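1. sequence first, then the predicted structure:
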Amino acid sequence: MSSFSVTTPTKRQKWIAGILVVLYALITITPLVWIVMTGFKSSADSIAYPPKVIFSPSLEGYVNLFTSQTRLTSEQLATTPAPATWYEKLVRSHEMVIVGPSRFGQRFLNSVIIGFGSTFLSVFLGTLAAYAFSRFRVPIKDDLLFFILSTRMMPPIAAAIPIFLMFRELGLSDTRLGMILLYTGVNLSLAVWLLKGFIDEIPFEYEEAALIDGYTRFQAFYKVVLPQAATGIASTAIFCLIFAWNEYAFAVLLTSGNAQTAPPFIPTIIGFGGLDWPAVAAGTTLFLLPIMIFTILLRKHLLRGITFGAVRK
Amino acid sequence: MKLKNIIVSTAVALAGVSGSAAQAEDLTLCWASWDPANALVELSKDYEAKSGNTMHFEFVPWPNFADRMLNELNSGGKLCDLLIGDSQWIGGAAENGQYIKLNDFFAKEGISMGDFIPATVVGYAEWPKNTPNYWALPAFADVVGWTYRKDWFSRPDLKKAFKAKYGYDLGVPSSLAHLKDIAQFFQGRKIDGKTVYGAAIYTERGSEGITMGVTNALYNYGFEYQNPKKPYDMAGFVNSAGAVAGLKFYKELYKVGAPPGSSDWYMSEDIDAYKSGQVAMQMNFAFVWPGMNADPNVGGDRTGYFANPPGPTGQFAQLGGQGISVVANTAHKDAALAYIKWFAQPEIQKRWTAMGGASALRAVVEDPAFPGKKPYNKAFLKSMAIVKDFWAEPSYADLLLAMQDRVHKYVIAGQGTAKQALDGLLKDWTQTFEDEGKL
Amino acid sequence: MSCSPVERAAKATPTQLANRIRGLSDRGIAWLFVTPTIFLLLSINIFPLIWTIYLSFTNFRANRIGRAVKTIGLRNYERILSDADIWQTMQATAHFLIWTLFLQVLIGFTLAWLINRKFKGNDLWTTIIVLPMMLSPAVVGNFWKFLYQPQIGLFNYVVNFFTGIDPSSFSMIGDVPLAPWAIVIVDTWMWTPFVMLICLAGLRSIPDYLYEAAAVDRASNWRQFWTITVPMVLPFLMLAVLFRGIENFKMFDLVVQLTGGGPGSITELTSINLKREAFEKWHTGYASAYAVILFVTVFGLASIYVKALNKVKER
């Protein structure tokens, strides 16, 4: 006889629940595992039909991801020097030769620069604003906060139209600075809401005491509040970073070569004849890895972050 | 004629060698990301050596190429100094001042458009069409053609079965109808223990795929873009009875001869399907032919090549290919023009073809040794002689997207009839030209 | 009861003095801290919105810089509202919205409920389940396209394993009846954990004594569920639906990589259609009107919904 009571789940209930959840978790993680596996397949194996579960691993995908190559005719092959390193040998076995690094490294770097740049700016400005909203009576505060939230309701594509024109006028098209400013503008609402929640939780008495001791307001903020809000600031920062890291719509419309980040780039990794699935899978794996690590680090704060601080466990 | 060529090419070569090497400049060339682009990187090392400038390259895969590059041009970007743009962009780029007009430059450097295949000059360089206003140098001659599994076609058991079923010999199809028969014959057949299919054709929805495929059928059934005597007069030409029949044919071909799941295929997917032995025939631009020839799986004697077969009213093939232009926004105008001058030299053009490019220079393709050099050269020459191109109007994107939408809805999604699709297309195109003020 | 020195000092300060100290340069600091944020938000969010509204009344095209711009009043709006194709995209979006919300709520709540049974190791498995929603939707759409390939993809073979249907007989993203479900499946895979986390928080917020009291009253399990669990979780569920609803209305990255809006225009959601109009056809004025309509729709629906949500919270 099973009971719905939350207070006393029976051992049998726990087992059944456990098995079902584990089953779901395994199903859910299979696509990710498949993609990581595909990153280690050879080109032929990745497009084999039926799909291969057992295969001999190869680093082809990763080599193709990081290098750009060209095919040589047999006459040209005869005149080029023999391959030296293991990856050159791998490439040469397909009658191709490495001509230089691919664009992936630079795109990944752009993701890092734009991600961290906009995160730093969002958190910096957001902490200041959140502190003000939390501690002072700012006029029309509630309206301002709702206005900040409503900026998230515009479809990015719609917002991209005027921003495209603005960037064109200001010469910010395809620049890292432009993208950093844009992502900061979009992330600020998230940062302010989250940080206000965290700062609200810090009792005001600490600052009061500091003020009595002769600290200025600013020093109180700096020496008392910031250290206590450190974990909150850290988790907010990571959420902002995740957004900027994953963002696609603005990146694909407003960047082209210099400032292009990884998400618009990865689906376009074409090998020789067709989409190079192992290279795409390799790029995907490398790109998703930091996020997966952050997720594990952040698992206690996830709920708060994804609901704008509305729900706290 | 030959002497003039020698004099011209010597002058051009000398001028190229003594070009400005005063200050090393960085040039960025933008193109699609495919085999020929990598060949160009190799070839350009010669320019770098001769001019002292450094070449950088930005290659974008075809499905994203138009989007990215048109976005770049329209946003005033400074990424590209040289752009090898698609032939259809000429109108827009010319009228919006995004390319530099090259007439004066050609005249000064002695580059004559008469030295290039006429279809490529009209298709890749001229705007307005058929007027001597040049915005690009023909850089890469390309056209839609077909490859087929010559080894399968020569199997006696298959030949017998085909002859028994269709009454004529299995071989290079002499008409589109025959091509469909062959595709149907191979569809679902087991060869060497694996199930194979008829033909990999273009069905891609996102950029231009299905349009580049369907026109090969439409043209040969009587489809015309407009009244030859009256520009922009499209009624009865776009949706003529022949056009409707042609569209129906393409849908039939997709239904009876294309592999399952090929509802969004363009160049890469067709290559994949053919190379992995999935299909007996492959529709693709001729640039894939060198790769096919060299492929360990299907290359050499196993593959044959043929031009797009004729239909009831004629034989045409969809023009591909690009010209190389100088982007108006560039900060390195002289260096970019110097690149074009270097590229136009006949020996460079010869090497270009040898390395995997496809020169549009007549001296290269009219060379009597040319057809014999590679197994696909004959088919290439035949195909380049029957080319027909899509609109190159400034509003070409609107026109293309409308066609993509209408055709994909009918052929792949199975909505409506062929007549409805073409009537709808006529309506869309009329609306576009009215918005442009051309109607 | 221990007091830190700071707290003791705070308690010892006379209130009058404390107020005066607090008042020093308060307003200055407040404005200094808030202004940069407001400025950035205005320039990235509000100014563009106003510009969009202005553009929606013109026939401006971003790729024709030299051409004269005409104001044409409401014509863009008329064209949009009378365009049959736009209604088709609205339909596709509505189908996507309704089914993703339904499935995510169903599966998410069930999962939350199961996890709340507190079996051993549920932390680890919860973290695994949560991974998909943190990933870049564009990258996810791209690799699911690989998984959905009939010949070389995993999905069809798994279906074949469980049901015996021939893997090359159907294509999730190529067949017209299946494509809308293909995108629903991937979005559900990604975002069910989101709903699950919120429901979990809701379930954990229900105090035990409510159940104990009900058990004392000999209420059946079903009754407990419907009179205690559901009403207490409902506000959380509604919040989850609000967030997912807004996000899926704006959906672009995932679907554009997965199907590109095809086959035909079956999965062309409003954002994808907007992108075509604005950045492929360059009908900037027309697309601006479209954007305004979309924004007003989302804003309106969200406001109504939030009002309902507040009512539920009060109950």
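-> That came in fine, so what should we check first?

2. disregarding flanking residues, what is the spatial nearest neighbour of whichever residue of the stretch 301-439 of chain B sits closest to chain A?
-> Nearest residue of the stretch 301-439 of chain B to chain A (Cβ to the nearest Cβ) works out as B:Gly356 at 7.2 Å. To be clear about C-beta, it is placed using only N, CA and C from the backbone, and glycine gets the same treatment. Setting aside the residues directly before and after it, B:Gly356 is nearest to B:Ala39 in space (Cβ to Cβ, 6 or more residues apart in numbering or on different chains), at 3.7 Å.

3. quick one: buried residues of the helix or strand hosting that neighbour?
-> Assigned by DSSP states H and E, B:Ala39 falls within helix B:35-51. Neighbour counts using 16 or more other Cβ atoms under 10 Å in any protein chain shown place B:35-44, B:46-47, B:50-51 of helix B:35-51 among the buried residues.

4. what do you get for stretch B:320-337?
-> Neighbour count says stretch B:320-337 has B:320-327, B:329-330, B:332, B:335-337 buried, by 16+ other Cβ under 10 Å.

5. how about the secondary structure of B:Tyr305?
-> strand (DSSP: H, G, I helix; E, B strand; the rest coil).

6. before we move on, what about the one 4 residues further on?
-> At B:Pro309, secondary structure determined by three-state DSSP is coil.

7. and for C:Pro177?
-> State at C:Pro177, reduced to three classes by three-state DSSP: coil.

8. that one: how many residues sit nearby?
-> By other Cβ atoms under 10 Å in any protein chain shown, 8 other residues sit near C:Pro177.

9. name the helix or strand of chain C that has the lowest mean pLDDT.
-> When the helices and strands of chain C are scored by mean pLDDT, DSSP states H and E, helix C:15-23 comes last with a mean of 53.

10. following the lowest-mean-pLDDT helix or strand in chain A in sequence, what is the next regular element?
-> Every helix and strand of chain A was ranked by mean pLDDT, DSSP H and E. The lowest is helix A:141-150, at a mean of 68. Using DSSP H and E, the helix or strand that follows helix A:141-150 towards the C-terminus is helix A:156-170.

11. got the residues of chain C near chain B?
-> Listed as neighbours of chain B in chain C under the rule Cβ under 8 Å from any Cβ of the partner chain: C:62-66, C:149-151, C:168-171, C:173-176, C:259-266, C:276, C:279-282.

12. for ChimeraX, what selects the buried ones among these?
-> Command for ChimeraX, covering only those of the residues of chain C next to chain B found buried under the criterion 16+ other Cβ under 10 Å:
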select /C:62,63,64,149,150,151,168,170,171,173,174,175,176,259,260,261,262,263,264,265,266,276,279,280,281,282
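
13. and stretch B:411-422, what's buried?
-> Buried residues in stretch B:411-422 (16+ other Cβ under 10 Å): B:Val411, B:Ile412, B:Ala413, B:Gln415, B:Ala418, B:Ala421, B:Leu422.

14. list the residues that contact the second one.
-> For B:Ile412, the contacting residues are B:Thr203, B:Arg205, B:Ile210, B:Tyr254, B:Ser263, C:Gly174, C:Val176, C:Gly262, C:Pro263, C:Gly264, by Cβ atoms under 8 Å, 6 or more residues apart in numbering or on different chains.
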